[in-house]
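Chemist: give me a model of this one.
(one chain, ligands or ions: 1)
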Amino acid sequence: MKLDCKHVWEHISGYIDNTVDAKLREEIERHLEHCEICSAILDSTSQVVGAIERRVFSVNGALFQLHKD
Ligand SMILES: [Zn+2]
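Modeler: So this is what the prediction gives:
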């Protein structure tokens with residue numbers, strides 16, 4: 001199973017709060033190792049909580065919109 005960025009973003013608040021299960025946590029960590037965008041998102045943890053609600057992330061001045069269907 002390979003996570004893409006959207007999946008990481010959906011679970012990143014749970015990852016921060018440590019409420020994701022161990023397997024998902026492992027997958028997220030593996031993704032973070034090679035993904036600069038998600039690493040940057042995680043670095044700005046304080047912004048992430050509000051960003052999750054708006055589903056918009058700002059990373060290094062670039063905006064990422066999380067679409068959910
Ligand atoms: Zn990513």
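
Chemist: so where's the chain shaky on pLDDT?
Modeler: Applying pLDDT under 70 to the chain picks out residues 1, 45-60, 66-69.

Chemist: tell me which stretches of it form helices.
Modeler: 5-17, 22-34, 36-43, 45-54 (DSSP state H).

Chemist: okay, the angle between the shortest one and helix 5-17?
Modeler: Relative orientation of helix 36-43 and helix 5-17, computed by axes from the mean of the first three to the mean of the last three Cα atoms, to 10 degrees: 20 degrees.

Chemist: in helix 36-43, what's buried?
Modeler: Within helix 36-43, the residues that qualify as buried are 37-38, 41-42, counting by 16 or more other Cβ atoms under 10 Å. Where C-beta positions appear, they are placed from N, C-alpha and C, glycine not excepted.

Chemist: using CSV, list the CA coordinates for stretch 31-50.
Modeler: Extracted C-alpha coordinates of stretch 31-50, given in CSV (Å, rounded to 0.1, in the frame of the first residue of the first chain):
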residue,chain,number,x,y,z
HIS,A,31,5.8,8.9,2.8
LEU,A,32,7.3,11.8,4.8
GLU,A,33,10.8,10.5,4.2
HIS,A,34,10.7,11.2,0.5
CYS,A,35,8.0,13.9,0.2
GLU,A,36,9.1,17.5,0.7
ILE,A,37,5.6,18.9,0.6
CYS,A,38,4.2,16.7,3.4
SER,A,39,7.4,17.2,5.4
ALA,A,40,6.9,20.9,5.1
ILE,A,41,3.3,20.6,6.1
LEU,A,42,4.2,18.7,9.2
ASP,A,43,6.9,21.3,10.0
SER,A,44,4.2,23.9,10.2
THR,A,45,2.2,21.9,12.7
SER,A,46,0.6,24.9,14.3
GLN,A,47,-0.9,25.9,11.0
VAL,A,48,-2.1,22.5,10.1
VAL,A,49,-4.9,22.3,12.6
GLY,A,50,-6.7,25.3,11.1
